[in-house]
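> sequence and predicted structure, then a few things I'm wondering about:
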Amino acid sequence: MSTAQATPAAPQDARHEARRSLFETVVRARELSLLAVLILVVAGTTIAEPRFLSSQSIRDILLNVSVIALMAVGQAVVIITRNVDLSVGSVLGISAFLTGVLFADHHAAIGVVFVAGTLFGALFGLANGLMVALARVPALVITLGTLYVIRGIDFVWAKGRQINADQMPDRFLQLGSDTVLGVPVLAIIAAVAMLIVGAVMRSSRMGRELYAIGSQPTAANLAGIRVSRRVIGAFVVSGALAGLAGVLFTARFGTLDATAGTGDELQVVAAVVVGGVAIFGGSGSVYGAALGALLLGVISSALVILKVNQFWEQAIDGALLLVAIGLDRLLALRVAAALRARSGRRAG
Amino acid sequence: MIIFCCFEGEEPQINQQQTPDPGPIIALRDATKSYGAVRAARGVSLALHPGEVRALAGENGAGKSTLVRMLAGVQRPDSGSVEVDGEPVGFSGPADARDAGVAVIYQEPTLFPDLSVAENVMMGRHPLGALRRIDRRKLHRTVRELMTRLGVDLDPEEPVRGLSIADQQIIEIAKALSFDARVLIMDEPTAALSGNEVERLFGVVRTLSRRGAAVLFISHRLDEIFTICTTVTVLRDGEVTHDGPTAELDTDGLVRRMVGRELSALFPKQATTIGGPVLKAQRLTREGVFTDVSFEVRRGEIVALAGLVGAGRSEVARGIFGIDKLDAGHVEIDGVKLKNGSPAAAMRAGVGLVPEDRRQQGLVMELSIERNVGLTRLHALRTSLGVIGRGREAALAADWATKLQLKFGRLSDPVAFLSGGNQQKVVLGKWLATNPKLLIIDEPTRGIDVGTKAEVHRLMSELAGQGLAVLMISSELPEVLGMADRVLVMHEGRLARELSRAEADEESVVRAATGAAAA
């Protein structure tokens, strides 16, 4: 050991510093650059159309984004484990329908409905997770299946029924438009969920194990992590948040049928990827995912207010997705090259 | 969990040593394990006592890895038992084994590239603060202390992605030390390490055993077994053929028990007629990786590229084959310049590359033996309809399987079922089927058992005899000295020295590789 202990520390420390700061810059830069793009879009649109920055318009944007952002947070947890949950739109739909039925047919209390919707979603998440973990079939395939199965159940259950605002308590519907200090209640709920999940992902053993699983599944198993249990947990979180999103969706729109949330899964996955969560797992944050949802929501509102043809919205969302993935790849290559150049000068 | 904290305590723990017979910490009793029809372990018993450093020797496919997996809780024996402190236990997973104090360092580091060094060391055992939140400061401090005690300069906060294999191995060792490991199992920990790093590892092993831990050490480098191990268990075909103190055996005796026959010479090298140059590498440079590397390899010649891990040897090979683009310089095959950055062009010109990492780069593990052999010959295997002729593919594979003395069940079995040595033969067959002029072989016998090693060497020697030019990258000095007609030594991305067969000995190669001035 004596020979190794004599290793001089000073120059190598400098190398470590450089390496770490490079890495951290890249990681941090993702959230920062998202913020920068967000500010650019808002500023640009405001110059073209000052009404864009009115408090009413901001409130609308936040209301629209809350539902997607909530699901994006859950989706980020799943994608970080190197899986994906495509069933979230359907889970939102069926949970929203449950919300309507509980109010219309059972006159349930608001608190009960929130809990019931969330648990209902969690149940579907559990089913997804069990199938992914135990059947060892890629999550993409499993959740593509449950996307249709859950929507099918929703349709059979609804039998074409539509539930309207007059069948729900006013206090519940007000939640959909109420604000606290100018911030919509729905946005606050989404933000709280994001902060809780974000803290768990960053600072609990469970959260770090989820990152570990996504980073290298075989190593996670050998490190004694209960991989199946953790992956199931990630799907339960995603399902629960989609269920909660279903309740919020109902509060926001008041009227619903079995088609609520159709196609939302792609928006959600897009938000997560734009938000800098690596599609192959292991890195990214739920904050980034929520920020991604906000950016996509702001762009869509900007296009409406600028009277751009709606068809462009999807094209722009898609382009943004490609830019995000391209950026990831480019950054990965640049980082790899930089690390190579540095470690290339090392001995041994 | 007790955090390991007294590593610098060099004085032996006398109490432990004086206890007459402390009994084994962990043991396998009559363990049997089968994979399908293959019986990987048949009634194996093995005990690890406190302070013991035991070698587990045996050819590839002898059942060593199976044993490790049972001790590590990754697999359960079909019959027989695992005992900890004399009590039978049923490990339901690696976590149980870890909780019992068993740490395993696998052949290939099993780390999380996206996470920091510290998180890799302490995964699942992060120090917690209030509200069960991870205490990052304490986490980093703990790991920094661990690294200091190991005498390594690795920043706990830096990500693992991009670290060298040697550094990654250190993280594995730190992981084992971070919980109070009573049993340390090391499956070929030295395969990717250079001399210094091996010494450092042995230092750790000795300290651990002095502290009363039991170590199980697996290596194909026999000299290492004699250096570090006190006892040895030899496995052959899933059965224990020898169990006793290392001092009772010499190299020949050990090898005999492993293979069941005498090996006259480990490194046969026929004299060959050396012809004109096949490969001319001219001032090859890749920014930050290697600089100004020029050399020739001639017909019938085996040229070894020696050096420490990280000196840029494999990278030069990748540059020649066109996997990585060269920033400057060029490669000529038979006087014709190769297109830069095109493996297809290199293959057309008659270059074959047997990569270091056969699992990832050399083979498609899920595909059958015949499919893997046929991969480089897809053009020739086409029938008149343009599809691949399965019959031709099978015939090609059967031909090479015979020539290379491949041990296999059926040619349609996935290569993942083969032992390491036999997988290497499939990679060799795949390239030899292209009838190459130059074969680049990166670590030809890494992770291969003694018997197959000799076969691979014999094969290389025969091929050179038939006029093939061979560029061999090897970290094993005996292999370099035994096989090569010329030795090129790299140091920090540059060719440090060229040594003829007569000039090359351990001292001259090591001096050049470590950057010491030529003697």
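Thanks, I have the structure now.
> quick one: the helices in the stretch 201-348 of chain A, in order.
Secondary structure of the stretch 201-348 of chain A (DSSP state H, counting those that start in this stretch): helices at A:205-215, A:217-222, A:227-253, A:264-274, A:286-305, A:311-344.
> of these, which is nearest B:M123?
Closest of the helices of the stretch 201-348 of chain A to B:M123 is helix A:205-215, at 5.6 Å (criterion: CB to CB). Any C-beta I mention is one placed from the backbone N, CA and C, and that applies to glycine too.
> can you pull the buried residues of that closest one?
Of the residues in helix A:205-215, A:205-215 count as buried by neighbour count, 16 or more other CB atoms under 10 Å in any protein chain shown.
> over to stretch A:46-57?
Here stretch A:46-57 shows A:46, A:52, A:57 as buried, counting by 16+ other CB under 10 Å.
> show me what contacts the last one?
Translated: A:S57. A:S57 sits next to A:51, A:301, A:305 when contact means CB atoms under 8 Å, 6 or more residues apart in numbering or on different chains.
> circling back to that earlier point, with mean pLDDT and distance to chain B as extra columns, can I get the helices of the stretch 201-348 of chain A in a markdown table?
Shown next, in a markdown table, are the helices of the stretch 201-348 of chain A (pLDDT from 0 to 100; distance: least, CB to the nearest CB, whole Å):
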| stretch | mean pLDDT | distance to chain B |
| --- | --- | --- |
| helix A:205-215 | 95 | 4 |
| helix A:217-222 | 88 | 4 |
| helix A:227-253 | 96 | 10 |
| helix A:264-274 | 92 | 16 |
| helix A:286-305 | 90 | 14 |
| helix A:311-344 | 72 | 4 |
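> so which of these gets nearest B:F91?
Among the helices of the stretch 201-348 of chain A, the nearest to B:F91 by CB to CB is helix A:217-222 (12.9 Å).
> output that closest one as CSV, nothing but the C-alphas.
Output in CSV follows, covering the C-alpha atoms of helix A:217-222 (Å, rounded to 0.1, in the frame of the first residue of the first chain):
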residue,chain,number,x,y,z
PRO,A,217,-30.2,-3.1,-14.5
THR,A,218,-27.8,-6.1,-14.1
ALA,A,219,-25.5,-4.2,-11.8
ALA,A,220,-28.6,-3.1,-9.8
ASN,A,221,-29.5,-6.7,-9.3
LEU,A,222,-26.0,-7.7,-8.1
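> Three-state assignment for the closest residue to A:V137 other than its chain neighbours, please.
The shortest distance from A:V137 to any non-neighbouring residue, by CB to CB, 6 or more residues apart in numbering or on different chains, is to A:M131 (7.1 Å). Of the three states, A:M131 takes helix under DSSP: H, G, I helix; E, B strand; the rest coil.
> with B:M365 instead?
Secondary structure for B:M365, judged by three-state DSSP, is coil.
> and B:L463, how many neighbours?
Using other CB atoms under 10 Å in any protein chain shown, B:L463 has 20 neighbouring residues.
> any idea how far it is from chain A?
32 Å (CB to the nearest CB, to the nearest Å).
> what's near enough to touch the residue of the stretch 101-250 of chain A found nearest chain B?
Proximity of the stretch 101-250 of chain A to chain B (CB to the nearest CB) peaks at A:G224, 3.2 Å away. Counting by CB under 8 Å, 6+ apart, A:G224 touches B:93-98, B:124.
> same check on B:G429?
Contacts of B:G429 (CB under 8 Å, 6+ apart): B:373, B:397, B:400-401, B:403-404, B:406.
> give me that answer again for 10 Å
With contact set as CB atoms under 10 Å, 6 or more residues apart in numbering or on different chains, B:G429 has these partners: B:369, B:372-374, B:376, B:396-397, B:399-401, B:403-404, B:406, B:459.
> and the two most separated of the residues you listed?
Taking CB to CB, no two of the contacts of B:G429 sit farther apart than B:G374 and B:L459, at 19.8 Å.
> who's more crowded, the two?
B:G374 (26 against 18).
> ok, the more buried one touching B:G389?
Yes. Under the criterion of CB atoms under 10 Å, B:G374 makes contact with B:G389 at 9.4 Å.
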